[in-house]
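**Q** Here's a sequence, model it:
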Amino acid sequence: MTGKVQIEADHAALSDTFASRRYFRKFDVITGHLGRVAGMMRAKGELNSDEVEVLARYMAMVGFTFRALSMKYLLVGRETGQFFGSLSIDTVDSGFPVFNELLVMANDAMQAASHLDGMPGAEALKRQMVEKIVAGQEIPTRLQFALSQRLYYEELQRGQMFWARNDPLPIWLSGMGDRRRYLLHWAVYDSQLNLPVIYLMEVEDSGRDPLPKDEHRWPEVQAQLMGQSLGGLKLVTIAKGFDAQFNDLHPKKLRRIHLGPMYSHAYTHQSGPLREVLAEAESPEGQDWALAWTVEELESERVTEERVGWFSTAEREIFALDPFGGRGVDTGATRTERSIILPERPYQVLVEKSPPGFASVRKFVVSSAGRVLSY
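**A** Numbers count the residues shown, from 1 in each chain. As a prediction, the model looks like this:
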């Protein structure tokens with residue numbers, strides 16, 4: 001097998017050296033484009049500067065995660081003297097690594113310091129490799145493996161990875177008195193779909209103490225939001241649950257951004273028109289992909305008063321649902337925008353074929369020079 005991945009089930013192991021390295025190079029290109037797409041959305045007024053900064057951070061974290069995994073599996077398919085497995089990817093639902101890869105990586109990160117303490121330094125390993133090549137006339141595969149593992153643990157020790165759970169953080173937006181407004185953001189790696197999912201919530205705080213400094217409310221908020229961060233839950237369910245849980249916190253806007261699935265003719269076998277488009281495009285290496293980007297958004301429409309206890313009331317949000325064809329009831333969102341990011345050649349084939357259902361999908365077309373166009 002040369003540069004191909006055997007796809008036999010929902011998950012596949014990239015056990016071939018060339019296929020594995022091409023996969024990571026592909027995602028290096030993809031993650032490099034994501035920040036530019038967010039920048040274009042900011043230029044069109046669809047995202048503000050705080051939201052773009054948050055998204056850029058999570059996208060960078062996804063990139064760092066792939067960089068670490070590329071070091072871990074750099075020598076996959078080579079004889080290294082010990083079996084260390086291969087990257088498992090979801091070939092049907094996402095095109096991303098399976099959830100368990102992130103769990104293992106999180107465990108490795110906790111022990112990174114002890115692993116590095118027991119390893120020779122990078123320079124020492126490089127000197128040994130040179131000696132092996134010059135004096136022994138051998139390919140120093142085992143030393144290469146040792147260096148790749150050292151680089152992997154060094155990446156983990158630097159941090160800033162996209163973990164399975166990325167707990168909520170606050171950004172102050174406005175207000176200093178009785179009403180303060182915050183942007184809360186957090187992210188998870190969906191264990192069912194194997195996809196990164198980012199949440200953004202604008203909240204008004206009418207509590208006595210500022211939310212981030214409230215030693216009682218803030219831990220409760222973090223726990224509540226993480227407990228509700230399930231892909232199967234509708235946004236309106238998450239927002240109403242939060243609204244009912246905290247009488248002095250008022251969710252005004254909630255967004256959920258799904259990064260993926262990633263489609264690639266060489267690595268995935270999702271059904272649908274995109275697979276045919278990528279097959280027909282016959283794109284060169286690095287341009288054989290398309291990435292879905294879905295934004296669900298829920299906005300508060302008005303506020304009502306609800307009695308809580310005998311002598312007090314609390315504000316409750318009434319959320320606006322998509323009015324077209326009753327879809328808001330089904331989606332639990334005010335609006336949902338589906339986009340796709342893809343290189344120029346697959347886009348040209350997509351336009352020529354014009355498959356049903358894609359007319360309303362926004363297309364971000366990216367070039368190797370870094371240009372992003374929106375259609």
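**Q** and stretch 118-134, which residues are buried?
**A** Neighbour counts over stretch 118-134 (16 or more other CB atoms under 10 Å) mark Met119, Leu125, Gln128, Met129, Lys132 as buried. In short, each C-beta sits where N, CA and C put it, glycine included.
**Q** Same check on stretch 271-289?
**A** Applying 16+ other CB under 10 Å to stretch 271-289 flags Leu274, Arg275, Val277, Leu278, Ala281, Ser283, Gln287, Asp288, Trp289 as buried.
**Q** Out of the buried residues of stretch 118-134, which sit inside helices?
**A** Secondary structure from DSSP state H places Leu125, Gln128, Met129, Lys132 of the buried residues of stretch 118-134 in helices.
**Q** Where do the strands of this protein begin and end?
**A** Under the criterion DSSP state E, the chain contains strands at 11-14, 87-90, 165-174, 180-190, 195-205, 249-263, 290-308, 312-320, 335-343, 362-366, 372-374.
**Q** helices or strands next to the last one in the packing?
**A** Judged by 3 or more CB pairs under 8 Å, 6 or more residues apart in numbering; DSSP states H and E, the packing partners of strand 372-374 are helix 17-43, strand 362-366.
**Q** a markdown table for the ones you listed, including distance to Arg165?
**A** Shown next, in a markdown table, are those (distance: least, CB to CB, whole Å):
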| stretch | distance to Arg165 |
| --- | --- |
| helix 17-43 | 20 |
| strand 362-366 | 28 |
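**Q** re earlier: now for the buried residues of stretch 271-289, which pair is the farthest apart?
**A** Farthest pair in the buried residues of stretch 271-289 (CB to CB) is Arg275 and Gln287. Separation: 15.5 Å.
**Q** Could you give the number of residues near the nearest residue to Arg67 once chain neighbours are set aside?
**A** Nearest non-adjacent residue to Arg67, counting by CB to CB, 6 or more residues apart in numbering: Glu155, 6.0 Å away. By other CB atoms under 10 Å, the residues close to Glu155 number 22.
**Q** Also Gln157?
**A** 12.
**Q** So the residue lying closest to it once chain neighbours are set aside versus Met161, what's the distance?
**A** Spatial nearest neighbour of Gln157, chain neighbours left out: Ala112 (4.5 Å); criterion: CB to CB, 6+ apart. Using CB to CB, to the nearest Å, we find Ala112 at a distance of 11 Å from Met161.
**Q** When those two are compared, which one has more neighbours?
**A** Met161 (21 against 17).
**Q** how about that one, what does it touch?
**A** Neighbouring residues of Met161 by CB atoms under 8 Å, 6 or more residues apart in numbering: Met61, Phe64, Thr65, Ala68, Met105, Ala109.
**Q** Got the confidence number for it?
**A** Note on Met161: pLDDT of 96.
**Q** before we move on, the earlier item: may I ask which of the contacts of Met161 has the most neighbours?
**A** Most neighbours among the contacts of Met161, by other CB under 10 Å: Thr65, with 25 neighbours.
**Q** hang on, that one packs against Asp108?
**A** No: contact criterion CB atoms under 8 Å: Thr65 and Asp108 do not qualify, at 12.0 Å.
**Q** closest to Pro196 out of the helices and strands packed on strand 372-374?
**A** Among the helices and strands packed on strand 372-374, the nearest to Pro196 by CB to CB is helix 17-43 (10.3 Å).
**Q** Report the angle between the closest one and strand 290-308.
**A** Orientation check (axes from the mean of the first three to the mean of the last three CA atoms, to 10 degrees): helix 17-43 against strand 290-308 gives 50 degrees.
**Q** What are the buried residues along helix 17-43?
**A** Quick answer for helix 17-43 (16+ other CB under 10 Å): 17, 19-24, 26-27, 29-31, 33-35, 37-38, 40-42.
**Q** Report all helices and strands that that helix contacts.
**A** So helix 17-43, by 3+ CB pairs under 8 Å, 6+ apart, packs with helix 49-72, strand 87-90, strand 249-263, strand 335-343, strand 362-366, strand 372-374.
**Q** Please provide the alpha-carbon coordinates for the first one, formatted as CSV.
**A** So the one you mean is helix 49-72. In CSV, the C-alpha atoms belonging to helix 49-72 read as follows (Å, rounded to 0.1, in the frame of the first residue of the first chain):
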residue,chain,number,x,y,z
SER,A,49,-13.5,41.5,17.2
ASP,A,50,-14.0,39.6,20.5
GLU,A,51,-15.6,36.7,18.7
VAL,A,52,-13.0,36.5,16.1
GLU,A,53,-10.2,36.5,18.7
VAL,A,54,-12.0,33.7,20.5
LEU,A,55,-12.4,31.6,17.3
ALA,A,56,-8.8,32.3,16.3
ARG,A,57,-7.7,31.0,19.7
TYR,A,58,-9.6,27.7,19.4
MET,A,59,-8.6,27.2,15.7
ALA,A,60,-4.9,27.7,16.8
MET,A,61,-5.5,25.1,19.5
VAL,A,62,-6.9,22.6,16.9
GLY,A,63,-3.7,23.3,14.9
PHE,A,64,-1.5,22.6,17.9
THR,A,65,-3.3,19.4,18.6
PHE,A,66,-2.7,18.1,15.0
ARG,A,67,0.9,19.2,15.3
ALA,A,68,1.4,17.2,18.4
LEU,A,69,-0.3,14.1,16.9
SER,A,70,1.8,14.4,13.8
MET,A,71,4.9,14.1,16.0
LYS,A,72,3.5,11.2,17.9
